[in-house]
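>>> have a look; sequence and predicted model below, questions after that.
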Amino acid sequence: MADMISQNQRVPLIAGNWKMNLDHLQSIAFVQKLAWTLKDARHDFATAEVAVFPPFTDLRSVQTLVNADDLPIAFGGQDLSAHDSGAYTGEISGAFLKALDTKYVIVGHSERRQYHGETDADIAAKVAAAHRHGIVPIICVGETAEDLEQHGPSAVPVAQLRVALEGAATGSDIVVAYEPVWAIGSGLAATSEQAQQVCAALRGVVAEVLGDDVAEATRILYGGSVKASNIAGFMREADVDGALVGGASLLLEEFASIVRFQKHVGT
Ligand SMILES: O=C[C@H](O)COP(=O)(O)O
């Protein structure tokens with residue numbers, strides 16, 4: 001069946017990373033309004049999956065709401081520990097995230113690399129931890145402005161992904177997010193052509209490490225100053241299967257508009 005899988009069969013994922021914004025009460029209001037807005041707009045969730053990534057302290061509230069109202073919105077953690085339990089003050093285990101029904105976890109976000117000194121090896125260990133607990137890691141990679149100048153657009157993200165995939169368990173799902181650091185929160189998004197070039201190279205790494213079938217089925221997202229006004233260009237690209245959205249994921253109407261831009265699936 002491998003040759004039957006095409007990029008058109010990858011259901012796009014629009015993921016909203018709230019970073020350190022919205023407390024547990026605000027998270028309930030936001031998710032409820034997002035669900036209403038998408039329902040009013042008759043959003044077809046089969047054509048674009050929606051996920052939010054609240055702070056850890058919000059996850060139980062979001063889970064309770066999503067489960068009680070049976071909302072078609074996935075949620076995940078912004079990070080997890082490489083360890084399963086023990087004396088690791090401040091860390092959150094994949095087991096705890098799984099117990100709250102989290103489907104995804106962001107791993108290796110550039111803010112974790114920059115402010116918490118996470119290395120590629122740490123990130124590989126976190127990918128392994130996510131898979132141990134049945135959580136899909138969204139593996140973030142991306143180059144800084146200096147990397148771009150010195151090595152071009154693909155070299156650093158490709159090298160980062162190669163190491164991160166050392167932690168991936170055979171047969172377990174992954175999502176990759178290409179987030180050029182210079183585009184995050186800067187208002188200066190990559191062009192859709194730049195995103196396509198790097199996402200295609202990243203798909204090549206997935207193929208090399210995990211095989212062609214996995215590469216064909218893996219969603220690769222673009223992140224960095226995504227807005228309702230530029231999502232269409234990214235989604236037209238063959239190797240871009242959605243977006244990891246930061247600032248715009250906190251703006252209800254803006255985020256709903258990004259979600260509603262649908263790539264045609266199964267055509
Ligand atoms: O995780 C999301 C990214 O860091 C992108 O953030 P941004 O959309 O605010 O540029």
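Looks like it came in fine. Residues are numbered from 1 along each chain as shown.
>>> thinking residue 129 is in contact with residue 79, fair?
No: counting by CB atoms under 8 Å, residue 129 does not reach residue 79; the two are 10.5 Å apart. To be clear about C-beta, it is placed using only N, CA and C from the backbone, and glycine gets the same treatment.
>>> neighbour-wise, which of these two wins?
Shown here are residue 129 and residue 79; by other CB atoms under 10 Å, residue 129 has more neighbours (23 against 19).
>>> part of a helix, is the more buried one?
Yes: membership of residue 129 in a helix is supported by DSSP: H, G, I helix; E, B strand; the rest coil.
>>> so where's this structure shaky on pLDDT?
Counting by pLDDT under 70, the chain shows low-confidence ranges at 1-8, 262-267.
>>> now what about stretch 110-127, what contacts it?
Here stretch 110-127 makes contact (CB atoms under 8 Å, 6 or more residues apart in numbering) with 19, 79-82, 105, 107-108, 137, 139-140, 142, 159-160, 163-168, 174, 179, 181, 184.
>>> can you give me the end-to-end span of that stretch?
15 Å (CA to CA, to the nearest Å).
>>> check which helix or strand covers the residue most central in space within the chain.
Geometric centre of the chain, nearest residue: residue 138, 4.5 Å, by CA atoms, centre = their mean. Taking DSSP states H and E as the criterion, residue 138 maps to strand 136-141.
>>> may I have whichever helix or strand comes after that strand exported as PDB, CA atoms only?
Sequence order places helix 145-151 as the next helix or strand after strand 136-141, per DSSP H and E. Output of helix 145-151 as PDB, limited to C-alpha atoms (Å, rounded to 0.1, in the frame of the first residue of the first chain):
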ATOM      1  CA  ALA A 145      19.700  33.900  11.400                       C
ATOM      2  CA  GLU A 146      23.400  33.200  11.900                       C
ATOM      3  CA  ASP A 147      23.000  29.500  10.900                       C
ATOM      4  CA  LEU A 148      21.100  30.700   7.800                       C
ATOM      5  CA  GLU A 149      23.900  33.000   6.800                       C
ATOM      6  CA  GLN A 150      26.700  30.500   7.500                       C
ATOM      7  CA  HIS A 151      25.100  27.200   6.400                       C
END
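>>> in the next helix or strand after helix 145-151, which residues are buried?
Downstream of helix 145-151, the first helix or strand assigned by DSSP H and E is helix 155-164. For helix 155-164, burial by neighbour count (16 or more other CB atoms under 10 Å) applies to 156-164.
>>> do stretch 174-190 as well
Across stretch 174-190, burial judged by 16+ other CB under 10 Å covers 174-184, 189-190.
>>> filter the residues you listed by proximity to the ligand?
Checking the buried residues of stretch 174-190 against the ligand by CB under 6 Å from any ligand atom, the ones in range are 179, 184.
>>> up against the ligand, what does the stretch 151-267 of the chain have?
179, 184-185, 223-226, 244-248.
>>> now those: which count as buried?
Counted by 16+ other CB under 10 Å, these give 179, 184, 223-226, 244-248 as buried.
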